[in-house]
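1. Build the 3D model from these lines:
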Amino acid sequence: MEPIQVIGIELLGETEKGIANKLVNEYYQKIFRELQNVTSITVHIKAHSKGGKKKKFDVRIKAIAPTRIFEAQESDWDLARTLHMVFRNMERELEHKLHTDSQRNKPYE
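-> Prediction:
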């Protein structure tokens, strides 16, 4: 199984595909550092259109580790902004669940 699976990328245009691939690969490295034993990451992109010119994007991420499953979801009108928001939510959830903030590593002086 691939470590990154992007569902719904065929609904995007060529420039949107490039943006999505770049950001997913960039944030995958960050999540992999945070969660060393990540099994796979699934990014699900949905595009909603109400008949207007713009599309609203709904992005859901699921990171599967051997002990837990982490999920995050966001939606917005701009694909790049939506991807940034959902990956930041994922990073916050990992920090919260795994207690990996930098304050715990400081020795007492």
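2. Identify each buried residue in stretch 8-18, please.
-> Gly8, Leu12, Glu16 (16 or more other C-beta atoms under 10 Å). Every residue, glycine included, has its C-beta placed from N, CA and C.
3. same question but for stretch 47-67, I mixed them up
-> Of the residues in stretch 47-67, Lys55, Lys56, Phe57, Asp58, Val59, Arg60, Ile61, Lys62, Ala63, Ile64, Ala65 count as buried by neighbour count, 16+ other C-beta under 10 Å.
4. give me phi/psi at Asp58?
-> Dihedral pair for Asp58: phi -120, psi 120, per degrees, to the nearest 10.
5. didn't it look like it was pressed against Trp77?
-> No: between Asp58 and Trp77 there is no contact under C-beta atoms under 8 Å: 11.0 Å.
6. Switch the buried residues of stretch 47-67 over to CSV; also include secondary structure.
-> Below are those laid out as CSV (DSSP: H, G, I helix; E, B strand; the rest coil):
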residue, secondary structure
Lys55, coil
Lys56, strand
Phe57, strand
Asp58, strand
Val59, strand
Arg60, strand
Ile61, strand
Lys62, strand
Ala63, strand
Ile64, strand
Ala65, coil
